[in-house]
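1. Below are the sequence and a predicted model; questions follow.
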Amino acid sequence: MSTTASSTAAATGSLQLEYLSSHQMGSQPASWWHGVLGIIGFDRPPNIDRTRVDRARIPVTASRVRSLRAGDLCEVWRVASPGVQLSNGPEHGKIRYRYSDDLLFGFLSIAEQAIDARSEAEALQRATEGAYLEIFDLLDATAHPHVIRIWNYLPNINMQTGGDERYRHFNSARQTAFRKSGRATMGSVPAASALGSPAGSPISIYFLAARRPPKMIENPRQTSAYHYPPKFGRHSPIFSRACLWGDAGCSRLFVSGTASIVGHETIHCGDVIAQTRETILNIGALLDQANRIVGSSRYSLDSLKLKVYLRHPSDLPDVEAALAELLHPAPSIAYLQADVCREDLLVEIEAVG
Ligand code: 3EB
């Protein structure tokens with residue numbers, strides 16, 4: 001085996017996701033901190049040793065969605081190769097970021113109220129378009145042009161304003177930014193999630209981007225989101241159902257927010273247990289596609305890290321029970337409260353494999 005091949009594998013194969021409490025992070029060795037790309041708290045930014053984070057200038061943010069379990073769990077993205085060198089570039093507008101040669105993690109939060117606009121709808125659209133254009137501009141500058149995964153959290157996602165739902169205004173502006181920056185609006189588009197955060201939260205967006213392109217995956221059970229018919233909004237959401245990134249043998253699978261949608265229709269309205277089961281069938285279909293691409297059974301339901309978003313916290317026992325039946329042994333699961341971007345969806349699940 002050539003040295004080049006194995007060192008490339010070591011560099012890309014070591015992207016790690018962990019869900020840890022502030023306390024657990026506090027007891028990690030320096031070698032662990034050395035590879036941290038970014039930390040995302042759920043309800044609020046984590047309470048961690050500032051000297052450690054500031055010295056390494058690690059980007060730390062919060063998605064603002066409430067965790068349904070005790071403890072201040074955080075999502076930590078880390079490159080675990082021993083020799084990896086991480087850097088922070090100069091400030092780029094509102095974005096804080098940290099990167100290796102292969103990968104870049106970044107985030108930005110925007111207070112819509114501070115944006116000069118004639119209406120709420122216009123402020124939301126300006127905030128969204130501005131955020132995406134800033135991200136694309138940064139990624140062109142650092143030569144990590146491929147967004148592999150992006151998480152979008154916006155307050156009052158299902159609320160009507162200016163004659164349309166806020167999520168749909170967001171979709172219009174996101175699509176405009178992809179077009180203005182000359183990017184594809186179908187096919188090679190990032191895996192994503194878009195969820196509601198509590199009223200008064202800033203729009204919070206974080207992302208992983210890479211020097212080399214991922215392989216996009218669509219779900220044969222679902223219409224691609226970028227081909228949704230106009231009844232779901234004048235501008236389709238721009239995201240892929242999943243993507244694979246990294247070299248064979250050590251690739252990572254990113255599964256977008258997935259819900260109880262077959263074709264383009266929501267099914268099992270009002271039944272959270274049936275929605276949970278349908279969502280797992282959808283994720284299973286994506287795993288089959290991923291395994292076909294990697295040519296092995298590398299990805300399975302019980303080895304995924306899951307984030308489960310519930311519209312109603314009172315549904316937690318039902319969803320936990322449904323997942324316990326479907327996934328054995330139970331994988332690592334974070335349960336969060338968030339509004340899902342169709343009023344009739346009660347649950348949405350995203351995953352990393
Ligand atoms: C769906 O399948 C559910 O707008 O970025 C899931 C993942 C959903 C990402 C997005 C929306 C988004 O349409 C909603």
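-> Here it is on my side, so go on. Numbering: from 1, shown residues only.
2. Just the element for Asp288, please.
-> helix 272-294 (DSSP states H and E).
3. Please give the centre-to-centre distance between whichever helix or strand comes after that helix and its chain.
-> Scanning forward in sequence from helix 272-294 by DSSP H and E, the next helix or strand is strand 305-310. Relative to the chain's own centre, strand 305-310 is displaced by 11 Å; criterion: Cα atoms, centre = their mean, to the nearest Å.
4. what sits against whichever residue of the stretch 1-150 of the chain sits closest to the ligand?
-> Here the residue of the stretch 1-150 of the chain nearest the ligand is Ile150; by Cβ to the nearest ligand atom that distance is 7.5 Å. Every residue, glycine included, has its C-beta placed from N, CA and C. Applying Cβ atoms under 8 Å, 6 or more residues apart in numbering to Ile150 gives the contacts Ile135, Pro190, Ala191, Ala192, Ser193, Ile205, Tyr206, Phe207, Leu208, Phe239.
5. show me what contacts the fourth one?
-> Right, Ala192. Counting by Cβ under 8 Å, 6+ apart, Ala192 makes contact with Arg149, Ile150, Trp151, Asn152, Pro237, Ile238, Phe239, Ser240, Ser256, Gly257.
6. any idea which element it lies in?
-> Applying DSSP H and E, one finds Ala192 within strand 191-197.
7. List phi and psi for the residue nearest to the spatial centre of the chain.
-> Most central in the chain under Cα atoms, centre = their mean is Trp151, positioned 3.5 Å from the mean C-alpha point. Phi and psi for Trp151, reported as degrees, to the nearest 10, are phi -110, psi 130.
8. residues contacting the nearest residue to Pro329 once chain neighbours are set aside?
-> Leaving aside its sequence neighbours, Pro329 sits nearest to Asp302 (Cβ to Cβ, 6 or more residues apart in numbering; 5.6 Å). Residues touching Asp302, when contacts are defined by Cβ under 8 Å, 6+ apart, comprise Leu327, His328, Pro329, Ala330, Pro331.
9. Now with 6 Å, please.
-> Counting by Cβ atoms under 6 Å, 6 or more residues apart in numbering, Asp302 makes contact with Leu327, Pro329, Pro331.
10. With Leu345 instead?
-> Applying Cβ under 6 Å, 6+ apart, the residues contacting Leu345 are Ala259, Thr266.
11. again, but for Ala62
-> Contacts for Ala62 (Cβ under 6 Å, 6+ apart) come out as Gly41, Arg44, Pro45.
12. Give me the contact list for stretch 276-292.
-> If you take Cβ under 6 Å, 6+ apart as the criterion, stretch 276-292 is touched by 217, 219, 221, 241-242, 244, 253, 255, 258-260, 268, 297, 299, 319, 322, 326, 347, 349.
13. please redo it, this time with the cut-off set to 8 Å
-> Taking contacts as Cβ under 8 Å, 6+ apart, the residues outside stretch 276-292 that touch it are 217-222, 241-242, 244, 253, 255, 258-262, 267-268, 297-301, 304, 318-319, 322-323, 326-327, 347-349, 351, 353.
14. Just the buried ones from those residues?
-> Among the contacts of stretch 276-292, those classed as buried by 16 or more other Cβ atoms under 10 Å are 217-219, 222, 241-242, 244, 253, 255, 258-261, 268, 298-299, 301, 304, 318-319, 322-323, 326-327, 347-349, 351, 353.
15. remind me which residues of this protein are low pLDDT?
-> In the predicted model, the chain carries pLDDT under 70 at residues 1-13, 55.
16. where does it come near the ligand, residue by residue?
-> Contact residues of the chain with respect to the ligand, defined by Cβ under 6 Å from any ligand atom, are listed as Asn152, Ala192, Ser193, Ala194, Ala225, Pro237, Phe239, Ser256, Gly257, Ala259, Ile261, Cys341.
17. Count the residues that sit near the last one.
-> The reference is to Cys341. Around Cys341 sit 26 other residues, with neighbours defined as other Cβ atoms under 10 Å.
18. for the fifth one, same thing?
-> Each residue near Ala225 was counted by other Cβ under 10 Å, and the total is 24.
19. what residues are up against it?
-> Contacts for Ala225 (Cβ under 8 Å, 6+ apart) come out as Ser236, Pro237, Ile238, Phe239, Ser240, Arg241.
20. Relative to Phe232, how far out is Leu304?
-> 27 Å (Cβ to Cβ, to the nearest Å).
21. Regarding Asp54, what is its secondary structure?
-> When states are read from DSSP: H, G, I helix; E, B strand; the rest coil, the local structure at Asp54 comes out as helix.
22. So the residue nearest to Leu154 when sequence neighbours are not counted versus Pro229, what's the distance?
-> With sequence-adjacent residues excluded and distances taken as Cβ to Cβ, 6+ apart, Leu154 is closest to Ile203, at 4.9 Å. When distance is defined by Cβ to Cβ, Ile203 is 27 Å away from Pro229.
23. quick one: which of these two has more around it?
-> Set side by side, Ile203 and Pro229 show unequal neighbour counts under other Cβ under 10 Å, the larger going to Ile203 at 20 against 11.
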